[in-house]
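> Okay, here's the prediction I keep looking at, along with the sequence it came from:
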Amino acid sequence: MTGPLSHVRLLDLSRIMAGPWASQVLADLGADVVKIERPEAGDDTRSWGPPFLTGSDGKPTRESGYYLSVNRGKRSVAVDLATPEGQAVVRALAARCDIVLENFKAGALDRYGLAYPDLKAVKPDLIYCSITGFGQSGPRRDAAAYDFMIQAMGGLMSVTGERDDLPGGGPQKVGIPIVDIMTGMYAAVGVLAALARRERTGEGEYIDLAMLDVQAAILANQAMNFLLSGRPPRRNGNRHPNIQPQDVFRCADGHLALAVGNDAQFRRFCVVMGEPDLADDPRFATNRARVDNLPVLHPLIAERLEREPLARWLEALEREGIPCGPINTVPMVLDDPQLRHREMLRRLPHPLAGEVPQLVSPLKLENAALEFQRPPPLLGEHTREVLRELGLEPSP
């Protein structure tokens, strides 16, 4: 492996999404990631389909799209953690690794002798990150969690979706597992911070990361709005709570996502819209005034934009530097000329299918360019290879 983390070794005891997302981020950066999986079953997400990758023979493989989205760049080792032999393999790997990621229930790895104190004994400067739903302490410590329930419990669904009194109103989850993904990103940031500190102090670190904590943290401006005003944020469709006009507007033949970000942009927007006097109206001249008077402003904009086609508005608004865009489908996004130019969609060699599509890391490093060579591994694909590296004889 190449990349800025090519000197880093990571032992990945996690599965599903949050932990594997973190380890994929680090693998993309060049870390040698060894993924431990259950023999025969493997990571839970291997069975989370359809769809499944189609093999070279035209038949579905066991590689689900969900699994393939989050395990690029890793080596898979199939060992049973419940056996002394499997535990010995993990300890031997930990002794050679810089980082361990795990997302078992709090305390679950204690019974296998694979908790932080156990592995710290074989690698004193180890960085060990535990990801759980609710953390290693507190009244919910022992509870299981999935992204959907944390979106609900963590307030995200209270501010996502249309108003209850409108058609389609009610709580909505985000269309991707955003809490898992953000937890994975925090995990990656945390272990990299611990690595940087270890270079200065020689000390390892234990990181206790909870999905509910992450969801609370990323409430961001919505939480601060409440803390300052005492008014709980509500679902309000696509309307931004603090900046206006920012919403989805119907055009004659489609929908426009409009994101006017400041007063100067609003003035140019009014000119493009053919209503220049709106920018001088004291009800709309400042962002604060536009937010306060949105019930009046919004219908004026909606009525004007609906008269003409989407392409006309996109061309005119983009020419004036006013942020806007169409509502693209996933196929449209993946075919976008900008993303094609940025080479975000790659195809990697795959032992069963010939190749597998991958949306790769968005990080572009000038002096340590990322390379994407290793596809998501087959279950246990690297067991023999890794055991031999440890000086252990693979079972026949």
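Everything's here; your move.
> only C-alpha atoms for contact and neighbour calcs from this point on.
Noted.
> Let's see the pLDDT reported for residue 242.
Listed pLDDT for residue 242 reads 94.
> pretty sure it is touching residue 291, no?
Yes. With contact defined as Cα atoms under 8 Å, residue 242 reaches residue 291; the gap is 6.8 Å.
> Compare neighbour counts for these two and give me the winner.
For the pair residue 242 and residue 291, the greater number of neighbours falls to residue 291 (19 against 15), based on other Cα atoms under 10 Å.
> Starting from residue 245, give me the distance back to that one.
8 Å (Cα to Cα, to the nearest Å).
> Now do the same for residue 101: helix, strand or coil?
strand (DSSP: H, G, I helix; E, B strand; the rest coil).
> Run through the residues that contact it.
10, 11, 12, 13, 14, 19, 23, 128, 129, 130, 131 (Cα atoms under 8 Å, 6 or more residues apart in numbering).
> Out of the residues you listed, who's the most crowded?
residue 23 (34 neighbours).
> Quick one, grab the pLDDT at it.
pLDDT, read off for residue 23, is 98.
> and if you look at residue 8?
So residue 8 comes in at 98 (pLDDT).
> ok, now residue 144?
Reported pLDDT for residue 144: 93.
> residue ranges with poor pLDDT in the stretch 1-150 of the chain?
1 (pLDDT under 70).
> Please, where are all the helices along it?
Assigned by DSSP state H, counting those that start in this stretch, the helices in the stretch 1-150 of the chain fall at 18-28, 65-68, 84-96, 116-122, 147-153.
> Single out the most deeply packed of those.
helix 18-28 (a mean of 28; mean count of other Cα atoms under 10 Å).
> Wait, residue 74 touches residue 34, no?
Yes. With contact defined as Cα under 8 Å, residue 74 counts as touching residue 34 (5.9 Å).
> wait, what's in contact with the residue nearest the centre of the chain?
The C-alpha lying nearest the average C-alpha coordinate of the chain belongs to residue 181 (Cα atoms, centre = their mean; 2.7 Å). Residues near residue 181 by Cα under 8 Å, 6+ apart: 17, 18, 21.
> which residues in the stretch 201-350 of the chain form helices?
Under DSSP H, counting those that start in this stretch, the stretch 201-350 of the chain gives helices at 211-217, 220-229, 263-273, 287-292, 294-305, 310-319, 330-334, 337-341.
> Turn those into CSV, including mean pLDDT.
What follows is those, written out as CSV (pLDDT from 0 to 100):
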stretch, mean pLDDT
helix 211-217, 98
helix 220-229, 97
helix 263-273, 97
helix 287-292, 97
helix 294-305, 96
helix 310-319, 97
helix 330-334, 97
helix 337-341, 97
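> Deepest in the core, which of the ones you listed is it.
Mean neighbour counts for these (mean count of other Cα under 10 Å) peak at helix 211-217, with a mean of 20.
> hmm, who's touching that helix?
Contacts of helix 211-217 (Cα under 8 Å, 6+ apart): 131-135, 147, 150-151, 153-156, 179-180, 182-183, 186.
> Are any of the residues you listed buried, and if so which?
131-135, 147, 150-151, 154-156, 179-180, 182-183, 186 (16 or more other Cα atoms under 10 Å).
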